[in-house]
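*Asks:* Take a look and give me a structure for this.
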Amino acid sequence: MDMTISRQKASGGASGYLTIDLGALRDNYLKLRAMAPNAVTGAVVKANAYGLGAEVVAPVLYDAGCRHFFVAHIDEGIALRHRIRGDADIFVLNGLQPGNEASCAAMSLTPVINSLEQLAQWSAYAKTLGKTLRAALQIDTGMSRLGMAPSEIEALQTSPELLDGIRIVFVMSHLACADEPDHAANGSQLMVMREASLLFPDAPVCFANSGGIFLGADYHNAVMRPGIALYGGAPSSARPNPMKPVVRLDVAVVQTRTVPADTLVGYGGTLRTSTETRLATIAAGYADGLPRALSNRGAAYFNGVRLPIAGRVSMDSISIDISALPEGTLTHGSLVQIIGPDQSLEEIARDADTIAYEILTGLGQRYSRTYIQPEQAGATDRGE
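*Replies:* The predicted structure is shown next:
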């Protein structure tokens, strides 16, 4: 699909249109895989594939050759197992909550073990089954979020029976600052990971997230697990985004009006017009993933013209200043662009003082969703 197409009018009564280009998603996966041909390239599809629909996204990635999928919670893994073939491996990044062992094993999910407690759970369940169960082992290399601390790794070395019934399919860690290529933490974590992985000489290493892939071959190892880059987000804050855009968001105008100078706009009257101003109210707000922090800072676009947000973002609506457009350009049902060629994920995130991940995963379910299949690349939708 040509993501530069300007939609002019709503159709079918929807208030907003989220267009998801699955061809671009596939191409992003293939691009990342080509950067490390000797590594296995998986895909992070947690949080419902970053809000875009894991049930649709995962099969496209599977067809592109992906066989390693990463989710956060076991419920995500179970849902995904029903969507993709059994030869795909599904890894649960948060590991096991007590009581999840039977479901995890029954659905052929592989937990990422983050602590000795989780390891003991999984080992005990393996013994009750009388079989060996797969697991990935996460090491905390400096992020202090998930993963085994050095003292726990030492315990595994002195007490190898803790791994009874467990086959470690790979050891992994997570880079805290991979989107900042020059950050000293990247090299520090790499050194810790190398030292820790020596303790598990038969286990492959999984280290690179989206940003890590762009840090170079030292970070690629055996398995890579990109996330945000698959969905068109920038893997690095210091370089131009090399990924294809995957999402476009257009929102409908509900009402237009002209107000005189010295008029208060929105909750709290945080904007007072200085001159006669033409306003449009659009049908999305913070309940639809457009943060309240965009109030008086962010913008919508129409045919390349920036239309500043006027006043506070409401739950279901936003006022925008359309004075820069010729009168009558926007009417009831006209569509303005929120994410697209004129405003990237990173740009709207910057205006909201957040990150692209939060914008992407927060896009709600009230938009009409159009999925453009890979074979439809170059086609248009809704007759435009």
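
*Asks:* count of residues packed around residue 373?
*Replies:* Burial of residue 373 is recorded as 14 neighbouring residues (other C-beta atoms under 10 Å). All C-beta spots, glycine's among them, are computed from the backbone N, C-alpha and C.

*Asks:* Spatially nearest residue to it, not counting backbone neighbours?
*Replies:* residue 22 (5.6 Å; C-beta to C-beta, 6 or more residues apart in numbering).

*Asks:* which ones are touching that neighbour?
*Replies:* Shown in contact with residue 22 (C-beta atoms under 8 Å, 6 or more residues apart in numbering): 56-57, 60, 246, 371-374.

*Asks:* Including distance to residue 164, secondary structure and pLDDT, could those go into JSON lines?
*Replies:* Converted to JSON lines, the contacts of residue 22 look like this (distance: C-beta to C-beta, whole Å; DSSP: H, G, I helix; E, B strand; the rest coil; pLDDT from 0 to 100):
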{"residue": "56", "distance to residue 164": "40", "secondary structure": "helix", "pLDDT": "97"}
{"residue": "57", "distance to residue 164": "37", "secondary structure": "helix", "pLDDT": "98"}
{"residue": "60", "distance to residue 164": "39", "secondary structure": "helix", "pLDDT": "98"}
{"residue": "246", "distance to residue 164": "44", "secondary structure": "coil", "pLDDT": "98"}
{"residue": "371", "distance to residue 164": "46", "secondary structure": "strand", "pLDDT": "97"}
{"residue": "372", "distance to residue 164": "49", "secondary structure": "strand", "pLDDT": "97"}
{"residue": "373", "distance to residue 164": "47", "secondary structure": "coil", "pLDDT": "93"}
{"residue": "374", "distance to residue 164": "45", "secondary structure": "helix", "pLDDT": "92"}
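
*Asks:* Residue 139: which of those is nearest?
*Replies:* residue 57 (28.5 Å; C-beta to C-beta).

*Asks:* need the helix or strand of the protein with the lowest average pLDDT.
*Replies:* helix 150-158 (a mean of 91; mean pLDDT, DSSP states H and E).

*Asks:* Now do the strands in the stretch 151-300 of the chain.
*Replies:* For the stretch 151-300 of the chain, the strands defined by DSSP state E, counting those that start in this stretch cover 166-172, 205-208, 223-224, 247-259, 264-265, 271-272, 277-282, 299-302.

*Asks:* ok, residue 132 - how many residues close by?
*Replies:* 11.

*Asks:* Could you tell me the angle between the least confident helix or strand of the chain and strand 166-172?
*Replies:* Helix 150-158 and strand 166-172 are oriented at 140 degrees to each other (axes from the mean of the first three to the mean of the last three C-alpha atoms, to 10 degrees).

*Asks:* and helix 150-158, which residues are buried?
*Replies:* Of all the residues in helix 150-158, those buried under the rule 16 or more other C-beta atoms under 10 Å are 152-153, 156.

*Asks:* Which residue is the nearest non-sequential neighbour of residue 362?
*Replies:* Going by C-beta to C-beta, 6+ apart, residue 362 has residue 289 as its nearest residue, at 3.5 Å.

*Asks:* thought the one you found was touching residue 363?
*Replies:* Yes - if you go by C-beta atoms under 8 Å, residue 289 and residue 363 touch, sitting 4.1 Å apart.

*Asks:* residues bridging contact with those two, i.e. touching both?
*Replies:* residue 51.

*Asks:* If residue 372 is in a bridge, with which residues?
*Replies:* residue 21 (DSSP bridges).

*Asks:* Could you tell me how far it is located from residue 286?
*Replies:* Residue 372 is 27 Å from residue 286, where distance means C-beta to C-beta, to the nearest Å.

*Asks:* Run through the helices of the stretch 101-250 of the chain in chain order.
*Replies:* In the stretch 101-250 of the chain, the helices defined using DSSP state H, counting those that start in this stretch lie at 101-106, 116-129, 150-158, 184-197, 210-213, 217-220.

*Asks:* picking up where we left off before, which one of residue 372 and residue 286 is surrounded by more residues?
*Replies:* More crowded of residue 372 and residue 286, by other C-beta under 10 Å: residue 372, with 23 against 20.
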